[in-house]
Every structure is written in C-alpha cells, then in structure tokens.
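**Student:** Below are the sequence and a predicted model; questions follow.
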Amino acid sequence: MTLELSRQEIIDLSRQTTLYEWTSQKAMKPLAIDHAKGIYMWDVDGKRYMDFNSQLMCTNIGHGDARVNDAIKAQLDRVAYVAPTVATTAPRAELGHLLKELTPGNLSKAFFTNGGAEANEKAIKIARWYTGRHKIMVRYRAYHGATAGAITLTGDPRRWAAEPGIPGVVRIPDFYPYRAGRDLNDDAYADEVLRATEEIMQFEGPHTIAAVLVETVVGTNGLLIPSARYLQGLRALCDKYGILLITDEIMSGFGRTGKWFAVDHWGVVPDILTMAKGLTSAYVPLGATMVSEPIAEHFEDIPLYAGLTYNAHAVGCAAAVACINVYKEDNLIEHAAHMGEILKAEFARIKQRHACVGDARAIGLFSLLELVKNRETREPLTPYNPKPSELGPMPAFNAFLRENGMVAFVRWNTVFVNPPLCITEEQLREGLAIIDQGLEIVDRAL
Ligand code: PLP
C-alpha cells in the first residue's frame with residue numbers, strides 16, 4: 001500500500017472509484033477490514049467482527065492460516081504462472097490427484113477455472129458436447145454464477161438483468177418441502193416433484209436434454225436440503241434418459257455440510273461436479289469442473305474447446321493443495337459435522353423461543369432460519385424479492401448483529417449461519433446467542 005488511509009477514507013474512495021456488486025451503489029455500507037484470523041475480522045479502527053457466513057460461504061478453513069499463506073508465498077517464489085497450453089506444474093498435478101481421490105465414484109479429471117461461474121460454464125459446454133444434446137434443466141431457486149451461461153442457469157432475480165440469456169435452459173420444479181407444507185422425508189412429496197420433473201423431460205424431449213444441473217444443497221436461495229428419495233430419484237431419471245447429472249457443489253463442497261461433498265450424504269455420484277469457494281477457502285481464486293471417466297475419455301482424441309489464460313494457475317493450485325491438507329490435518333470435515341449437531345440443537349431452541357422462526361434448516365455448518373409472519377400459515381416475513389420498503393424489521397435485525405460484532409448473511413426473510421469450519425463450540429454458541437437476542441426485534445415487529 002502506498003496510501004495511509006483512515007476507515008472513512010477507505011470507504012469513501014472505494015465508493016467514488018469502484019463499483020459494488022448486486023446493489024445500488026448508494027445502499028452499500030461496507031466494513032473497512034484490515035486483517036482477519038480464524039473466524040474473526042478486524043476493521044481498520046480495531047473493531048472485531050465474528051464472520052458468521054465465511055464471507056460468501058467460502059473461507060471454510062478460516063482466515064489467515066499460515067500453512068496456506070506459506071504455500072502461496074513459496075509457489076510465488078518458485079513460479080507464479082505457466083501457460084496451460086505450454087507447461088504443467090507440480091501443484092496442478094498434485095491437486096488433480098487429490099481431487100480424484102476426494103470426489104466420489106468415477107469422477108476422475110478436473111478442469112481448473114478462476115471461480116464458480118466458469119466451472120458451471122465449462123460443465124454445460126462439456127455436457128452439450130459429450131451428449132450431442134443442447135438443453136440444460138435447472139431450477140428457479142438456484143444461483144449458479146454471473147457469467148452469461150451461469151446467470152441464465154440461475155433462477156433467482158439476479159438473472160433478470162441478463163435476460164433473455166443463453167438458449168436451451170429449461171426449468172424443473174424446486175424441492176422445497178417446507179413451502180409445500182410437507183416434511184423433508186415425505187416420500188410422497190419427493191415422488192410428486194420427480195413426476196413433475198419427468199413430465200417436463202417428456203414435453204421437452206429427453207433426446208434434446210444434455211444435463212440436469214442442480215445445487216446439491218441449495219445455498220442463497222433458501223438452504224434447501226434434498227431428501228435421499230428426491231436426489232437418488234433425480235439421478236435415476238437422468239440415467240433413464242441418458243441425461244447427465246451435474247451437481248454444483250461450489251457452496252456445498254469442502255466440508256460445508258459435514259462431508260467432503262454434499263452428494264456424499266446420499267451416495268449420489270454425478271457425471272460432473274463443479275467446485276470453487278472452499279477449494280482454496282478463497283485465499284486466491286480457483287474453481288474446477290470435475291468430470292467422470294467416460295467424459296474424460298471422450299476428450300482423449302477430440303479437442304476440448306475450453307480455455308482460460310489462468311487455467312490451472314500455479315498459485316491457485318498450490319493454495320488448494322495446502323487448503324485440502326488443512327481440512328485433513330485439522331479434521332475439519334468431521335469437526336463441521338459435529339458442530340452441525342450442536343447448531344441443530346441450538347436452532348431447535350431458538351425456534352421454540354421465537355414466533356418469527358418458521359423453519360430452521362441445517363446440514364453440517366450450512367444452515368438457515370426462515371422467518372415468517374405466521375407459523376401456522378407459513379406466510380413469509382417478506383415477499384419474494386422484496387423492495388427495501390418491504391423488508392420490515394430485517395434491516396434493524398441486521399444492524400443489531402453488526403453493532404454486536406457479527407457479520408451474518410441476511411437475505412430477505414432468511415438468516416444464514418455458515419461460519420468457518422474451524423469454529424469452536426464456544427464461539428458457535430456465542431454467535432448464536434447474538435442472533436437469538438436479535439430475533440427479539442423481529443418478534444416484536446410481528
Ligand atoms: N454456484 C453456487 C452454488 C454459488 O453459490 C456461487 C457463488 O456464490 C456460484 C455458483 C458462482 O461462483 P463464483 O461467484 O465464484 O463465480
């Protein structure tokens with residue numbers, strides 16, 4: 001840094017000279033962060049914040065781990081970058097090997113990208129090429145990234161500005177038992193959703209459908225956990241019609257759900273699995289599209305027309321290798337599963353205490369409270385895609401969290417709890433107590 005800037009100068013200069021994402025610029029109220037360690041971040045005035053969302057559900061191992069920092073520095077000193085069309089490096093080789101071991105079934109080769117959206121772009125391109133079909137089936141309650149194809153795959157309002165988007169994207173029903181007035185493990189509900197999905201496949205013509213692409217556990221669109229019957233049923237439907245199953249594990253991968261990948265909970269093996277975020281815990285940008293053996297084999301003799309200048313960036317791959325070693329050394333996957341059980345019990349208590357909590361969903365350290373106006377009718381606390389004036393008590397609730405040194409992800413009528421996986425039981429309870437207290441603001445507004 002060449003300038004010595006105060007907190008306010010950092011905020012003002014950023015506002016004057018840079019653009020923030022997904023927001024009107026006027027509405028953005030950023031923190032000015034100076035440094036971070038573990039689950040905490042400090043602003044330039046020294047105020048400490050608990051990171052209860054792992055930033056964008058990505059700093060899974062926590063901030064400032066010296067093992068990853070050192071690996072990045074060492075790789076920079078050796079070689080930062082080689083052209084992927086010319087050379088390979090040891091980190092690329094080692095990361096490919098590690099991912100083949102960690103991902104389920106016959107997933108066997110990785111194509112490395114700069115992030116999640118590109119991983120999904122490569123996934124649909126590969127699926128179309130491999131099958132010779134062009135349609136991709138996706139859901140409404142879904143986010144898959146902001147590049148041209150990925151934002152079309154996205155079902156939430158973030159896609160509207162990019163419409164009409166890429167051709168050939170068809171939507172299938174969401175799996176959302178709570179909003180359907182059903183339980184997660186209601187098999188009849190899973191069968192209904194699958195029947196409707198199959199009907200859409202029939203209408204579209206299965207021979208035109210390359211892939212079904214889903215977030216294994218839906219992230220920002222409501223933390224929607226599939227039942228075994230639904231996810232296994234979706235796999236079976238794909239198999240029945242020769243359609244590829246692509247699971248987007250960009251948010252749900254790398255221990256977030258208490259397993260390496262969320263699909264591991266249900267024994268489902270996709271044909272393509274996309275990842276980013278937890279792959280490097282966001283120390284540097286990296287994503288990957290992991291393909292099955294038959295798909296990899298397909299490109300043995302024909303060219304894979306996919307490329308990026310920073311494909312398999314050596315620093316990114318070195319960071320990912322170091323990060324995966326941290327998950328293993330610190331048993332973070334098992335720890336997340338254990339913390340997830342404590343979280344679930346605390347959520348049950350919070351739900352009992354607060355009339356505004358309609359549903360509490362959690363799998364590992366991937367979790368959310370869904371707030372309602374009325375528990376009986378399940379009427380959401382805010383409308384879908386609310387205007388600022390329709391947010392009710394949510395801004396006051398969010399402000400309470402900030403004042404109390406917590407950064408959580410509050411979207412519409414939902415409150416996410418997705419801390420770094422290294423969180424201790426004490427820290428988890430401390431953070432949940434702040435949320436518990438803040439919900440009194442919401443209860444009072446009902
Ligand atoms: N897919 C999912 C499920 C995501 O949550 C995200 C980002 O939040 C993406 C894809 C896009 O990843 P990126 O922002 O790295 O392009």
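**Tutor:** Arrived safely. Residues are numbered from 1 along each chain as shown.
**Student:** Against which helices or strands is the strand ranked longest in the chain packed?
**Tutor:** Assignment by DSSP state E gives strand 366-374 as the longest strand of the chain. Judged by 3 or more CB pairs under 8 Å, 6 or more residues apart in numbering; DSSP states H and E, the packing partners of strand 366-374 are helix 332-353, strand 357-363, strand 379-380, strand 414-417, helix 425-445. C-beta coordinates here come from the backbone N, C-alpha and C atoms, glycine included.
**Student:** so the second one versus helix 425-445, what angle?
**Tutor:** For strand 357-363 against helix 425-445, the angle by axes from the mean of the first three to the mean of the last three CA atoms, to 10 degrees is 160 degrees.
**Student:** which helices and strands sit right next to strand 357-363?
**Tutor:** Applying 3+ CB pairs under 8 Å, 6+ apart, one finds that strand 357-363 contacts helix 332-353, strand 366-374.
**Student:** try the first one
**Tutor:** Counting contacts by 3+ CB pairs under 8 Å, 6+ apart, the secondary-structure elements packed against helix 332-353 are strand 357-363, strand 366-374, helix 425-445.
**Student:** So which bits of the protein are right by the ligand?
**Tutor:** 56, 115-117, 120, 143-145, 215, 219, 248, 250-251, 276, 287 (CB under 6 Å from any ligand atom).
**Student:** Which of these sits closest to the ligand?
**Tutor:** Gly116 (2.2 Å; CB to the nearest ligand atom).
**Student:** surely the closest one meets Glu249?
**Tutor:** No: look at Gly116 against Glu249 with CB atoms under 8 Å: they stay out of range, at 9.6 Å.
**Student:** Find residues that contact each of the two.
**Tutor:** Residues within reach of Gly116 and of Glu249 at once, by CB atoms under 8 Å, 6 or more residues apart in numbering, are 274-275.
**Student:** check which helix or strand covers the spatially most central residue of the chain.
**Tutor:** With distances taken as CA atoms, centre = their mean, the residue of the chain nearest its centroid is Met251 (2.0 Å). Assigning secondary structure by DSSP states H and E places Met251 outside every helix and strand.
**Student:** From one end of stretch 204-212 to the other, what's the distance?
**Tutor:** 13 Å (CA to CA, to the nearest Å).
**Student:** how about that stretch: buried residues?
**Tutor:** Applying a neighbour-count criterion of 16 or more other CB atoms under 10 Å, one finds 206, 209-212 buried in stretch 204-212.
**Student:** what about the closest residue to Gln75 other than its chain neighbours, neighbour count?
**Tutor:** Ranked by CB to CB, 6 or more residues apart in numbering and with sequence neighbours excluded, the top spatial neighbour of Gln75 is Ala318, at 3.7 Å. By other CB atoms under 10 Å, the residues close to Ala318 number 30.
**Student:** give the contact list for Ala318.
**Tutor:** 71-72, 74-75, 91.
**Student:** before we move on, the earlier item: now mean pLDDT too, for the helices and strands packed on strand 366-374, in a markdown table please.
**Tutor:** Below are the helices and strands packed on strand 366-374 laid out as a markdown table (pLDDT from 0 to 100):
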| stretch | mean pLDDT |
| --- | --- |
| helix 332-353 | 98 |
| strand 357-363 | 98 |
| strand 379-380 | 98 |
| strand 414-417 | 98 |
| helix 425-445 | 98 |
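**Student:** Just put these in JSON lines and tack on mean neighbour count.
**Tutor:** As requested, the helices and strands packed on strand 366-374 are arranged in JSON lines below (neighbours: other CB atoms under 10 Å):
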{"stretch": "helix 332-353", "mean neighbour count": "18"}
{"stretch": "strand 357-363", "mean neighbour count": "22"}
{"stretch": "strand 379-380", "mean neighbour count": "15"}
{"stretch": "strand 414-417", "mean neighbour count": "24"}
{"stretch": "helix 425-445", "mean neighbour count": "17"}
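**Student:** how about those in CSV, adding distance to Glu21?
**Tutor:** Below are the helices and strands packed on strand 366-374 laid out as CSV (distance: least, CB to CB, whole Å):
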stretch, distance to Glu21
helix 332-353, 27
strand 357-363, 26
strand 379-380, 25
strand 414-417, 18
helix 425-445, 25
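**Student:** which one of these lies closest to Phe299?
**Tutor:** When the helices and strands packed on strand 366-374 are compared by CB to CB, helix 332-353 sits nearest Phe299, at 30.9 Å.
**Student:** Just want the angle from the closest one to strand 366-374.
**Tutor:** Going by the same axes, to 10 degrees, helix 332-353 makes 10 degrees with strand 366-374.
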